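*Asks:* make a model of this:
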Amino acid sequence: MHKTKLLVGLWCTLACACGISYGQTYTTIDDPLTVDNTGGGTGIGGISGNTIVGTYSWGGYDTSAPFMYDGANFATVTLPNDTNQAGANGISGSTIVGTVWNGGGDEGFIDDISNQSYTLLVDPLEGASNTEALGVNGDNVVGIYFTAQNFTGFLYNITSQTFATLTDPLAGTTGIDGTYPTGIYGNTIVGHYINATGSHGFVYNMATQIYTTLDDPLTVHGTGFLEGSSINGIYGNTYVGDFGTGTNEFGFIYNGGAFTTLQDPSSTEITFASGIDGNTVVGTWSDNDITTHGFELVVPEPSCVSMLAAGCFALLAGRRCRGRENGHLCI
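*Replies:* Numbering: from 1, shown residues only. Below is the predicted model:
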């Protein structure tokens, strides 16, 4: 067989076996109890295995409840102190974390649905009743608390019931400035910090205690609504988040070497990636700043991308991938 035909056959076999036609097929996820004609909608907080958690509203942004979705069925997460103003922000195994309004401020919560245990989180350093649990992995929860000056991140260990403060040295110290950790995996915490130049993504190594700024290169920096960058979820060495261009907000996937832009085809303005587990990304999209919808996106496994890339390079005899030159995966 001619060598070129053999290489083409190999490349096609790899592509088919991996399902590598990365056309970004999005599945919309809307809780059926959502009433989306008064503002609000469905928003996705995170994913663990086959379970997705998030928040739905039925009377605008002021009435909301957390939910679980297993790919077939929705279930409202009932909280002991529910005030119809609550939401789920993350999940790890059977542990759901989120935020609930107590009538005077926000409190974080940890809800272990396997043993029906429920814990309210209030960071002892907060200046008022405003603590939010934003991400969880195993025994560790990350989130924010608000003081009279700014927002500060925290790490909470469920077993030891102890808090540790998280502060990116580049974070500002006034108003909405501060450190916002939103995801954790092993010894790595991700999130964003805000200062006078806007929002920037960060990666924090718990072992070395070093913060590293990571922004999508397409980000337009500033303090506007559709400006800045943030990292919202992590799985292994893969991060997901969002960035603003001044006129739109897009999601992204970062796999340690390249950024891939995400945009739900139903969205004309905002796509926000909030969580990842394996090769499944979840998030929220909106087309009018009023109504939100959840989405699920299955992307190629990293090893599969590597196999395809090897086939590409063999076929093209060393020709460089133009997509990677532009900061995107060769797919």
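*Asks:* just give me the neighbour total for the closest residue to Tyr185 other than its chain neighbours.
*Replies:* Spatial nearest neighbour of Tyr185, excluding adjacent residues (CB to CB, 6 or more residues apart in numbering): Ile234 at 4.4 Å. Using the backbone N, CA and C atoms, a C-beta is placed for each residue, glycine as well. Ile234 is flanked by 25 other residues according to other CB atoms under 10 Å.
*Asks:* any idea what Ile234 is bridged to?
*Replies:* Beta-bridge partners recorded for Ile234 (DSSP bridges): Tyr239.
*Asks:* contact partners for it?
*Replies:* Taking CB atoms under 8 Å, 6 or more residues apart in numbering, we find Ile234 in contact with Gly183, Ile184, Tyr185, Thr188, Val190, Val240, Ile276.
*Asks:* try it again at 6 Å.
*Replies:* Listed by CB atoms under 6 Å, 6 or more residues apart in numbering, the contact partners of Ile234 are Gly183, Tyr185, Val190.
*Asks:* doesn't the last one belong to a strand?
*Replies:* Think Val190. Yes. Per DSSP: H, G, I helix; E, B strand; the rest coil, Val190 lies within a strand segment.
*Asks:* which ones are touching the closest residue to it other than its chain neighbours?
*Replies:* The shortest distance from Val190 to any non-neighbouring residue, by CB to CB, 6+ apart, is to Ile231 (4.1 Å). Applying CB under 6 Å, 6+ apart to Ile231 gives the contacts Val190, Gly201, Tyr239, Gly241.
*Asks:* do you know how far the residue nearest to Tyr185 is from Glu269?
*Replies:* Using CB to CB, to the nearest Å, one gets 26 Å for the distance from Ile234 to Glu269.
*Asks:* now Asp264, what's its secondary structure?
*Replies:* coil.
*Asks:* so which residues of the protein form helices?
*Replies:* 3-18, 302-316, 322-325 (DSSP state H).
*Asks:* Ser48 bridge partners, please.
*Replies:* Those that pair with Ser48 in a beta bridge, by DSSP bridges, are Thr51.
*Asks:* counting neighbours, what do you get for the residue nearest to Val298 when sequence neighbours are not counted?
*Replies:* In space, and not counting its chain neighbours, Val298 is closest to Thr280: 5.4 Å by CB to CB, 6+ apart. Neighbour count of Thr280, defined by other CB under 10 Å: 16.
*Asks:* tell me what Thr280 is bridged to.
*Replies:* Following DSSP bridges, Thr280 is listed with bridge partners Asp277, Val298.
*Asks:* that one against Pro300, yeah?
*Replies:* No. Contact criterion CB atoms under 6 Å: Thr280 and Pro300 do not qualify, at 11.4 Å.
*Asks:* quick check: the residue nearest the centre of the chain vs Ile91, distance?
*Replies:* For the chain, the residue sitting closest to the mean C-alpha position, by CA atoms, centre = their mean, is Ser274 at 2.0 Å. Separation of Ser274 from Ile91 (CB to CB): 11 Å.
*Asks:* also Met206?
*Replies:* 21 Å.
*Asks:* try Gly105
*Replies:* 24 Å.
*Asks:* again with Thr188
*Replies:* Applying CB to CB, the value for Thr188 to Ile91 is 18 Å.
*Asks:* neighbour count for these two, which is higher?
*Replies:* Ile91 (28 against 17).
*Asks:* correct me, but the more buried one touches Ser48?
*Replies:* Yes. Under the criterion of CB under 6 Å, Ile91 makes contact with Ser48 at 4.4 Å.
*Asks:* quick one: low-confidence ranges for this structure?
*Replies:* The model of the chain has pLDDT under 70 over residues 1-23, 36-39, 60-61, 127-129, 289, 301-331.
*Asks:* now stretch 217-235: buried residues?
*Replies:* 218-221, 226-235 (16 or more other CB atoms under 10 Å).
*Asks:* for that stretch, how far is the first residue from the last?
*Replies:* One end of stretch 217-235 to the other measures 21 Å (CA to CA, to the nearest Å).
*Asks:* and stretch 70-86, by the same measure?
*Replies:* 20 Å.
*Asks:* list the buried ones in it?
*Replies:* By neighbour count with 16+ other CB under 10 Å, stretch 70-86 contains the buried residues Phe74, Val77, Leu79, Gln85, Ala86.
*Asks:* try stretch 194-208
*Replies:* In stretch 194-208, counting by 16+ other CB under 10 Å, buried: Ile194, Asn195, Gly198, Ser199, His200, Gly201, Phe202, Val203, Tyr204.
*Asks:* and which of these is nearest Phe163?
*Replies:* Relative to Phe163, the closest of these is Tyr204; by CB to CB it sits at 15.7 Å.
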